[in-house]
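J.: next one to model:
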Amino acid sequence: MKIILNTKQRQTGTSVGKPTWELSPPIHNYSNLKIRKVIIPNILYSFDKNNCAVILNLNAGFLPMDKRYTLMSQFLTDLNNITPQIVGISSFVFSFNEAKGVLSVSYTSSIVITIYANKRLGLPENITLPIATNGTYDYPNNFSLINSKVVYVAIGNEFGTSDTRSSLKYGNILAVIPQTGLFGDIINYENSDDDFISIEGSDTLSQISLEFLDSYGNEVDYRGEDLIVELSLRR
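T.: This is a model prediction of the structure:
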């Protein structure tokens with residue numbers, strides 16, 4: 001049996017990136033399922049609401065959330081333009097260390113600088129820079145202009161049956177969808193393997209909840225575009 005789900009018909013109050021569908025009538029006597037096909041737009045911008053902030057000493061600047069950068073020089077221009085101007089910090093300039101694949105900072109400051117964590121930029125934890133003239137700091141983790149090379153489709157927290165709130169473990173990954181092609185393309189993902197996940201605890205499936213997540217575990221913002229998911233079920 002197959003079920004085709006369109007986010008246009010999702011339950012009121014849920015988002016495209018975390019949709020829930022109520023099945024009416026419920027589906028009975030199917031004990032296994034898998035994602036067979038997903039159709040999604042390739043519209044991930046370089047930054048979103050979860051990772052666009054650059055924060056120094058509690059002062060924030062925000063990278064644009066409507067750009068898909070292809071040139072490092074263009075990105076660095078925007079990054080340096082939105083970096084907060086703070087009294088006591090004479091200069092604070094980002095560059096890209098190609099040999100290491102990381103963002104670097106050169107700065108001159110008469111005050112201690114705290115840079116707040118941004119995993120997307122390669123900084124997993126807050127760090128403190130000492131007072132310095134012509135100081136430098138390399139971010140510890142790699143940085144890429146690509147926001148997320150894949151989208152994960154996971155079990156949502158409202159995936160349930162008539163007698164149990166979640167018959168599958170919340171967060172289990174059902175599919176990994178490579179973000180291939182050009183910006184604006186439609187990605188047609190097909191799952192050719194035969195791995196089904198068991199639906200335990202009931203023979204009645206009344207609700208389906210999924211989450212579309214980026215590489216950092218954040219909900220993907222599809223900006224009003226809708227998605228289609230095809231599920232296969234078997235007894």
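J.: and the next helix or strand past the lowest-mean-pLDDT helix or strand in the chain?
T.: Every helix and strand in the chain was compared by mean pLDDT, DSSP states H and E; the lowest is strand 160-161, with a mean of 56. Once strand 160-161 ends, the next helix or strand along the chain (criterion: DSSP states H and E) is strand 173-178.
J.: what bridges to Lys2?
T.: Ser232 (DSSP bridges).
J.: please name the residues that touch it.
T.: Taking Cβ atoms under 8 Å, 6 or more residues apart in numbering, we find Lys2 in contact with 36, 230-233. The way it works is simple: take the backbone N, C-alpha and C, and place the C-beta from them, glycine included.
J.: now, among those residues, which is nearest to Asn81?
T.: Glu230 (44.0 Å; Cβ to Cβ).
J.: can you tell me, leaving aside adjacent residues, what's nearest to the closest one?
T.: What sits nearest to Glu230 in space, not counting adjacent residues and going by Cβ to Cβ, 6 or more residues apart in numbering, is Lys37, at 4.0 Å.
J.: measure the one you found to Leu213 for me?
T.: 19 Å (Cβ to Cβ, to the nearest Å).
J.: looking only at neighbour counts, state which of the two leads.
T.: More neighbours surround Leu213 than the other of Lys37 and Leu213, with 20 against 16 (other Cβ atoms under 10 Å).
J.: can you check what pLDDT the model gives that one?
T.: In this prediction, Leu213 carries a pLDDT score of 92.
J.: save the contacts of Lys2 as JSON lines, and put in neighbour count and distance to Val16 too.
T.: Listed next are those as JSON lines, based on neighbours: other Cβ atoms under 10 Å; distance: Cβ to Cβ, whole Å:
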{"residue": "Arg36", "neighbour count": "18", "distance to Val16": "20"}
{"residue": "Glu230", "neighbour count": "17", "distance to Val16": "17"}
{"residue": "Leu231", "neighbour count": "21", "distance to Val16": "17"}
{"residue": "Ser232", "neighbour count": "17", "distance to Val16": "22"}
{"residue": "Leu233", "neighbour count": "18", "distance to Val16": "23"}
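J.: what's the farthest-apart pair in these?
T.: Glu230 and Leu233 (10.8 Å).
J.: list residues touching both of these two?
T.: 2-3.
J.: where does pLDDT dip in the protein?
T.: 158-171, 200-203 (pLDDT under 70).
J.: wasn't Asn188 part of a strand?
T.: Yes - Asn188 forms part of a strand when assessed by DSSP: H, G, I helix; E, B strand; the rest coil.
J.: hey, C-alpha coordinates of stretch 174-187 in PDB?
T.: Provided in PDB are the C-alpha atoms of stretch 174-187 (Å, rounded to 0.1, in the frame of the first residue of the first chain):
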ATOM      1  CA  LEU A 174      13.900   7.600   7.400                       C
ATOM      2  CA  ALA A 175      15.700   9.200   4.400                       C
ATOM      3  CA  VAL A 176      18.800  11.200   3.600                       C
ATOM      4  CA  ILE A 177      18.300  13.400   0.500                       C
ATOM      5  CA  PRO A 178      21.300  14.900  -1.300                       C
ATOM      6  CA  GLN A 179      20.900  18.600  -2.200                       C
ATOM      7  CA  THR A 180      21.900  18.200  -5.800                       C
ATOM      8  CA  GLY A 181      21.500  20.400  -8.800                       C
ATOM      9  CA  LEU A 182      21.000  24.200  -9.100                       C
ATOM     10  CA  PHE A 183      19.200  26.500  -6.800                       C
ATOM     11  CA  GLY A 184      15.500  26.400  -7.700                       C
ATOM     12  CA  ASP A 185      15.600  22.900  -9.100                       C
ATOM     13  CA  ILE A 186      13.100  20.200  -8.000                       C
ATOM     14  CA  ILE A 187      14.800  17.300  -6.200                       C
END
